[in-house]
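**Student:** make a model of this:
(2 chains)
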Number of protein chains: 2
Amino acid sequence: MTDRGISLNLATTRQVWGFAEAVDGCLRAGITAISPWRDQIAAIGLDEAARIVRENKLQVTGVCRGGMFPAASAEGRQANIDDNLRAIDEAAALNADCLVLVVGGLPEGSRDIGGARRMVADGIAAMLPHAKASGVKIAIEPLHPMYAADRACVNTIDQALDICEDLGETVGVAIDVYHVWWDPNLANAIARAGRMKRIFAHHICDWLVPTKDMLLDRGMMGDGVIDLPGIRKMIEDAGFFGPQEVEIFSQDNWWKRPGDEVLAIIKDRVATKC
Amino acid sequence: MTDRGISLNLATTRQVWGFAEAVDGCLRAGITAISPWRDQIAAIGLDEAARIVRENKLQVTGVCRGGMFPAASAEGRQANIDDNLRAIDEAAALNADCLVLVVGGLPEGSRDIGGARRMVADGIAAMLPHAKASGVKIAIEPLHPMYAADRACVNTIDQALDICEDLGETVGVAIDVYHVWWDPNLANAIARAGRMKRIFAHHICDWLVPTKDMLLDRGMMGDGVIDLPGIRKMIEDAGFFGPQEVEIFSQDNWWKRPGDEVLAIIKDRVATKC
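**Tutor:** This next block holds a predicted model:
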């Protein structure tokens, strides 16, 4: 297998490490790619984050996250778009491969998921000129359907690609195995994304059985039921060879462990289980 | 709107009523359709259950449930098929509109969801001759993707219809709004099911925000975010006019209330929110 490297999504160590500590930990582990969250960037300051990235020659596989477009009022939707414009600036300052979008769910009080989806497409279209001008790619991350109501109403790769097709090559997809592993059309959808040259990121973790919490019980690669090597092959066959980005939300397990231990286990699992 | 009537899925009152008590409660409420679970039938005995259905001229909109086909060994898969043959006999004895299938997830230790899906198709094919001979329709219930690992690896209406197409008109789908409301292709999939004349059941409840438990926190119609009238219209436009079957798993709320109260609220919500 091609050695694609590892990127640490900094959510994985957010309970133990801030931005700078996480970078130090990655460098100790020989990991030279990261994907930070905006609150982590804000905590250290954008300039300092950019300096750390630049001086350590880090690859930033993504900035998490833009999105959250739907809102009940036009003012609310504009405020959300404005926030996405700032997120583009942050991604540009870090020279990130993409800005990852968690697109948002239903506006308060709404049962109109079709309407929410139109707000998402409109919101991405509205941020597109600034993204292009800034040289920042936009990666729509389809989220698992269990988040359709409150986090993201884009729930399959195909649905994201339909939006991409309408918006041109600046907009692609972030494929997180946790969200898409169940999709009966997964192989076709990944191949389609490859033909469109729209795979911008590849996130990994695992689906635990049982899953005890809908948000914060993701598993370490190898501890669950996702065919990680199978999906990896689909993604490589589709032409994407960027680092595998490890993103684990794990309130009761991995978030409680020392960062260096977590990184050592990640390296082992990527080498043996992915 | 057409008055399609209500069917009580007896899971909704399983903590307070057995089969006979639930039928009495339904009759008090003017509800003349039910959908029992096999353990509830077993508890009272199949003959007695059939007598109650017959003498009260009840419509049985489904028997829950067959399925659970995948297993690691051939012996395990055969045992599962044998159990489904018994389920057909029970559905036939109750003159049920269909036997509902929750098809099963990954076999113990497996990460091969494609293989599990083939076991499902093979299992349904194996039970088909007995179903046809018994005059029992088989309704595949696509389950929400959050159950793909451990309950059902058939997760969209389209995926179920692909299986139906291969197996002929005895096999159709049970459409439960809880499982499919998020599907970006929902309208097309329901229309396709209608053209195929394969809609055998329509289950309703609601998706709560937040959802506190992946299995046992379903909502009463109107308390969540599902566009119930919209989906009802899709289903009626597709030619299905059977009773709306109310199936609510609700450990901390509805399961704790008196059955008569639950039925009164169901009747109100079906009249005003569905």
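**Student:** all contacts plus neighbour counts: C-alpha atoms, from now on.
**Tutor:** Fine.
**Student:** show me what from the stretch 101-250 of chain A comes close to chain B.
**Tutor:** For the stretch 101-250 of chain A, the residues in contact with chain B (C-alpha under 8 Å from any C-alpha of the partner chain) are A:109-113, A:144-146, A:148-150, A:153, A:155, A:159, A:182-184, A:209-210, A:213-214, A:225-227.
**Student:** what does stretch A:103-113 contact?
**Tutor:** A:66-72, A:116, A:120, A:140-141, A:147-154, B:182, B:225-227 (C-alpha atoms under 8 Å, 6 or more residues apart in numbering or on different chains).
**Student:** out of those residues, name the ones that lie in strands.
**Tutor:** Residues of the contacts of stretch A:103-113 located in strands (DSSP state E): A:G66, A:G67, A:I140.
**Student:** partners of the nearest residue in space to the first one that is not next to it in sequence in the sheet?
**Tutor:** Right, A:G66. Distances taken as C-alpha to C-alpha, 6 or more residues apart in numbering or on different chains place A:L101 nearest to A:G66, at 4.6 Å, with adjacent residues excluded. Under the criterion DSSP bridges, A:L101 forms beta bridges with A:G66, A:I140.
**Student:** ok, A:L101 - how many residues close by?
**Tutor:** A:L101 has 26 neighbours, counted by other C-alpha atoms under 10 Å in any protein chain shown.
**Student:** pretty sure it sits against A:C64.
**Tutor:** Yes. A:L101 is in contact with A:C64 according to C-alpha atoms under 8 Å; the separation is 7.2 Å.
**Student:** buried ones in the host helix or strand of A:A271?
**Tutor:** A:A271 belongs to helix A:259-273 when elements are defined using DSSP states H and E. For helix A:259-273, the neighbour count (16 or more other C-alpha atoms under 10 Å in any protein chain shown) marks A:G259, A:D260, A:V262, A:L263, A:I266, A:K267, A:V270 as buried.
**Student:** now, which of the residues of the stretch 101-250 of chain A next to chain B lie within helices?
**Tutor:** Cross-referencing these against helices under DSSP state H gives A:I113, A:Q159.
**Student:** buried by neighbour count, from the residues of the stretch 101-250 of chain A next to chain B: which ones?
**Tutor:** Applying 16+ other C-alpha under 10 Å to these flags A:110-111, A:113, A:144-146, A:148-150, A:153, A:155, A:159, A:182-184, A:225-227 as buried.
**Student:** show me the contacts for the closest residue to chain B within the stretch 151-274 of chain A.
**Tutor:** As assessed by C-alpha to the nearest C-alpha, chain B sits closest to A:V225 within the stretch 151-274 of chain A, at 4.8 Å. Residues counted as contacts of A:V225 (C-alpha under 8 Å, 6+ apart) are A:D206, A:W207, A:L208, A:V209, B:G109, B:S110, B:R111, B:A149.
**Student:** A:F200 now?
**Tutor:** Shown in contact with A:F200 (C-alpha under 8 Å, 6+ apart): A:D97, A:C98, A:A139, A:G172, A:V173, A:A174, A:I175, A:F240.
**Student:** now the residue of the stretch 1-150 of chain A found nearest chain B: closest residue in space that isn't a chain neighbour?
**Tutor:** Residue nearest to chain B within the stretch 1-150 of chain A: A:R111 (4.8 Å; C-alpha to the nearest C-alpha). Among residues not flanking A:R111 along the chain, B:V225 sits closest, at 4.8 Å (C-alpha to C-alpha, 6+ apart).
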